[in-house]
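>>> Attaching a predicted model along with its sequence, questions to come.
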Amino acid sequence: MEVLQNLWYCAALSTELTSKPIARVICGVPLVLFRTESGRTAVLEDRCSHRQAPLSMGVVVGEEIQCVYHGFVFDTAGTCTHIPHQDAVPTRACITAYPTAERWGYVWIWWGDAARADPARIPDPPWTVEDTRRSVYIYFYVKANFQLMADNLLDVSHTDFLHRQSIGSQTGKKGQANPPRMTIETRTEADRVHSLRRVYDTRLGAVAAAWAGTDADEPVDRISTQMWEPPNTTHIRLQFKRGDRMRTINMEHIMTPETERTTHYFMNWTRDFGVHGGYPTDDDVYREQTGIIGGEDIPIVEAQQRIIDQYGGTLKDVPAKQDRLVNDVHRLLKKLYAEARIAGPAEIERLAAE
Amino acid sequence: MEVLQNLWYCAALSTELTSKPIARVICGVPLVLFRTESGRTAVLEDRCSHRQAPLSMGVVVGEEIQCVYHGFVFDTAGTCTHIPHQDAVPTRACITAYPTAERWGYVWIWWGDAARADPARIPDPPWTVEDTRRSVYIYFYVKANFQLMADNLLDVSHTDFLHRQSIGSQTGKKGQANPPRMTIETRTEADRVHSLRRVYDTRLGAVAAAWAGTDADEPVDRISTQMWEPPNTTHIRLQFKRGDRMRTINMEHIMTPETERTTHYFMNWTRDFGVHGGYPTDDDVYREQTGIIGGEDIPIVEAQQRIIDQYGGTLKDVPAKQDRLVNDVHRLLKKLYAEARIAGPAEIERLAAE
Amino acid sequence: MEVLQNLWYCAALSTELTSKPIARVICGVPLVLFRTESGRTAVLEDRCSHRQAPLSMGVVVGEEIQCVYHGFVFDTAGTCTHIPHQDAVPTRACITAYPTAERWGYVWIWWGDAARADPARIPDPPWTVEDTRRSVYIYFYVKANFQLMADNLLDVSHTDFLHRQSIGSQTGKKGQANPPRMTIETRTEADRVHSLRRVYDTRLGAVAAAWAGTDADEPVDRISTQMWEPPNTTHIRLQFKRGDRMRTINMEHIMTPETERTTHYFMNWTRDFGVHGGYPTDDDVYREQTGIIGGEDIPIVEAQQRIIDQYGGTLKDVPAKQDRLVNDVHRLLKKLYAEARIAGPAEIERLAAE
């Protein structure tokens, strides 16, 4: 599949990579990911040049990987360094290797011209890993187009409905008397889109109230600051403010296409509370996030995809006033895909009109 | 998919519809079915106009349904009546609603020109729901074309082989000495096809003998009176006569296409015995019918479909003399599809020649 | 699917055929296989001519099979001999029967011109079933093209890597000091390809050592003599020689296409030791072979197929020096398919260049 080139795509959580190789399809290409004995990350085509057996079924030997079927050996540059029972190894036995980098708890691969791979262009989380913060990392597998999943994060308003009982604000209901005031601002700068959404004096769902450190009855200000950057990383800073008390959560949500209809979804959830004990523990965070994202967001996005496909791609969306961030990102993506002279996902054609 | 238009299609058993919405694809279109707080039935496209999330994952609020994803609200006419955080709702936010009617224990939807929807045209069971009758309703899901499943009911002769041990008559065996006499008559009147099949002095399988209230050794007359009407409802009156004793069972078998290869199968089984106690209880009926239809009819029909598809649709049937009702219905269907200028299912092309 | 014609294809193990019919697709055609009351094997199209219900759901009655749906009866020549409630049976009600033969513990069917079916052309195992040998027969189902699975057997070198711990020789490792010497010779004679591979003074994996009757530390000579013949039978004689002691294992590995991407894999494993007690019992053999073939060979071949398909058939193999037998067979197959004027499987196009 065609995707935006010359960008770092997230391939794995750092914790996923060990000396046991894993198979992962990225942007339609079957890859093998592994960590060598010395700890380096490596990503190669997931095939032995001999007979196309997947290297992910093989074994890491020192700094190399050996095919389990007939014993061919490859180094992390993709060069074949051994064919059993023969001295010469033909150069055409080499396979493609991908530039990799490990940063912020993720393993990234460069998609495009290897000569242009620049670690400085890895998305940079707007938070500092230090003693005052604590992160939990999670990987999700999604049976929907990556942009449809990404749009879920670009649209913070769904929280008040899809997650009303857990992390939503009590706002936006039909016929609600004196609903909490809501404002939303967006701006695009170069290849990044920023937004700021505030809900004032709102009551929260039970889990969000626990994060805020309030009772569910106590109104707080809820401030969501977001930044999106290509290929599809959304940074979210979520703040709960009550008087002069403030609690802050930072998240990255990173979408990497597996195929046109499946997505690797990587995320972290970083808080400045419960860092040295108390609520939430890492287990609390893991349980909450898998419940909310795995049990609510992903099922609805997969269901959207099924409906869209059942209609054969003929549907057009009817955007709401709140969809400014989604629409701004789609507008930018249309420009980026047009410049790259490739067709973008159908998602950005369905929503851009406002 | 193209189907015969301006007809009522059965969408659900009445008992299936509650305030918890259900998703059901009818004739290829994803629909949401629900019952409002006041008890009315409603059928809408199963998609929110905003972002195509299925409304069947939403909730019924009073007389309306709310999308769980971003909170859009729709009434039973498909009109969008609320978008969170905005005053105006554009008219293009409405979705398609389908005329519905509830009768005879089924929920029907009108397929075609809504202005022509006429409840008088709902198929009319030739039995009266009264104290002297008692019905059991069942829904089956079939992985085969609806016409192939419908043909199973139009062909009562299969009972003597597929269901020989349970409800068959002991007739038609190769080399059988003095087989029970069998007669079959059919006639077509307007859009309905009638048939009358009699087997005289036949022994019955164990379950049919229990219905007839005889021992399996006692010969009885077995009289099947059937009427078929579009789109694909077969009414069956099955009578067992022994001397001046008669027992009567009425059934409707109603086929509604889900897709070209899957079918919603609705039925009732109504008897004039065991109504106020004794055999059969409703549980007996449910167990017998799911065993016979779910365990014998549907597996063979799904297997037929697999064979037909494995041959790529090239097979032609070799009808038997007994297949008069099937053939008459197929002949009528060819006329109806031709008048509608749409291609009918492959079934009616394979069998019509006799 | 198009396959080489006028050859015997293995359809089943002899032990699989009883009076309970089985459904099996061979070369894309749905067939029913059964044994009549008198013990004869029969293979017919798996469909009743009436309405295409599979005969494999029917019952064997004497020397005939009866469709379970409406009671049509067919003899082993495919002639319809009974239609319930009618005297005349039209000749077009007959279905296709396939010539069958039972030999060497397998049931074979002739694919091609029935008039040319000649039992003398059934593949002839180069071993004699007698008191001094004992065989175990196994059937495997493989989700890969039959040629890809066949290539696994034509390539004995994989044993040293894929099965290193169990039945491999300790040879071919990168950087191995003084590796055991290996020689390989091949020759093509008419439609057969022969090979002889020797590994001298090699240590063995634990299971092969048990077969050889040695300790894993004791070096032995390992001699593999193979013969391939169409459509895709590989005969293997595996010998372990230590001084003047010799143990011999004979195998047939027979591949029959189910579809382009699925294969019926029949095999026997015949030894001249453990025949009258001691290791291995038949259970030992069954457990070892299902572990090695079912747990190691088939998973890697199915994985190869997935990779090949993910690349859309664009990959070319890079053969090793050891691949002489595979390449010779592919070369012969290209000739046979060209003579038959049909396209062979993609496998023989990917590997033939050396």
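Great, that's in hand. This one's a predicted model, so the numbers in the text were calculated from it and none came from an experiment.

>>> interface residues of the stretch 51-200 of chain A facing chain B?
Proximity of the stretch 51-200 of chain A to chain B (Cβ under 8 Å from any Cβ of the partner chain) is limited to residues A:151, A:155, A:157-158, A:160-162, A:171-174, A:179, A:182. Every residue, glycine included, has its C-beta placed from N, CA and C.

>>> Just the buried ones from those, in ChimeraX syntax?
Entered in ChimeraX, the line below selects the buried ones among these, by 16 or more other Cβ atoms under 10 Å in any protein chain shown:
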select /A:151,155,157,158,160,161,162,171,172,173,179,182
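
>>> can you tell me which residues contact the closest residue to A:Asp124 other than its chain neighbours?
Closest residue to A:Asp124 apart from its sequence neighbours, by Cβ to Cβ, 6 or more residues apart in numbering or on different chains: A:Trp104 at 7.9 Å. Each residue near A:Trp104 by Cβ atoms under 8 Å, 6 or more residues apart in numbering or on different chains is listed here: A:Ile122, A:Pro123, A:Asp124, A:Pro125, A:Val129, A:Glu252, A:Asn268.

>>> so the residue most central in space within chain A is in which element?
Central residue of chain A (Cα atoms, centre = their mean): A:Ile254, 1.5 Å from the mean position. Assigned by DSSP states H and E, A:Ile254 falls within strand A:245-259.

>>> can you list the domains in chain A?
Annotated domains of chain A cover A:7-121, A:134-351 [automatic domain parsing].

>>> give me the element the residue of chain A found nearest chain B is part of.
Nearest residue of chain A to chain B: A:Gly172, at 3.3 Å (Cβ to the nearest Cβ). In this structure, A:Gly172 sits in neither a helix nor a strand according to DSSP H and E.

>>> can you count the residues close to the residue nearest to it when sequence neighbours are not counted?
Closest residue to A:Gly172 apart from its sequence neighbours, by Cβ to Cβ, 6+ apart: B:Pro84 at 3.3 Å. The tally of other residues near B:Pro84 (other Cβ atoms under 10 Å in any protein chain shown) stands at 22.

>>> A:Gly39 too?
Residues near A:Gly39, counting by other Cβ under 10 Å, number 9.

>>> swap in A:Gly277?
6.

>>> repeat for the one 5 residues further on
By other Cβ under 10 Å, 13 other residues sit near A:Asp282.

>>> nearest residue to it other than its sequence neighbours?
Closest residue to A:Asp282 apart from its sequence neighbours, by Cβ to Cβ, 6+ apart: A:Val136 at 5.2 Å.

>>> Can you give the contact residues for the host helix or strand of that neighbour?
Per DSSP H and E: A:Val136 is located in strand A:134-142. With contact meaning Cβ under 8 Å, 6+ apart, strand A:134-142 is reached by A:12-16, A:105, A:129, A:149, A:258, A:262-271, A:274-275, A:282, A:285-286, A:289-290, A:293-294, A:298, A:301-302.

>>> Give me the sheet partners of it and which way each runs.
strand A:262-271 (antiparallel) (DSSP bridges).

>>> Any idea how far the partner strand is from the middle of the chain?
The chain centroid and the centroid of strand A:262-271 are separated by 5 Å, computed with Cα atoms, centre = their mean, to the nearest Å.

>>> Please work out the angle formed by the directions of it and strand A:245-259.
160 degrees (axes from the mean of the first three to the mean of the last three Cα atoms, to 10 degrees).

>>> Using CSV, list the CA coordinates for strand A:262-271.
Output in CSV follows, covering the C-alpha atoms of strand A:262-271 (Å, rounded to 0.1, in the frame of the first residue of the first chain):
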residue,chain,number,x,y,z
THR,A,262,-5.9,-3.1,9.9
THR,A,263,-3.8,-0.9,12.2
HIS,A,264,-1.1,-1.1,14.8
TYR,A,265,-2.1,1.3,17.6
PHE,A,266,0.7,2.2,20.1
MET,A,267,0.1,4.5,23.0
ASN,A,268,1.5,5.7,26.3
TRP,A,269,-0.4,7.2,29.3
THR,A,270,1.8,9.4,31.5
ARG,A,271,0.6,11.0,34.7
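
>>> In that strand, which residues are buried?
A:Thr262, A:Thr263, A:His264, A:Tyr265, A:Phe266, A:Met267, A:Asn268, A:Trp269, A:Thr270, A:Arg271.

>>> Kindly report the same for stretch A:181-201.
Neighbour counts over stretch A:181-201 (16+ other Cβ under 10 Å) mark A:Met182, A:Ile184, A:Thr186, A:Val193, A:His194, A:Ser195, A:Arg197, A:Arg198, A:Val199, A:Tyr200 as buried.

>>> what's the nearest residue to A:Gln310 once chain neighbours are set aside in contact with, if anything?
In this structure, A:Gln310 finds its nearest non-sequential neighbour in B:Pro30, 5.2 Å apart by Cβ to Cβ, 6+ apart. Neighbour list for B:Pro30: A:Ile307, A:Gln310, A:Tyr311, B:Ala23, B:Glu45, B:Asp46, B:Arg47, B:Pro54 [criterion: Cβ under 8 Å, 6+ apart].
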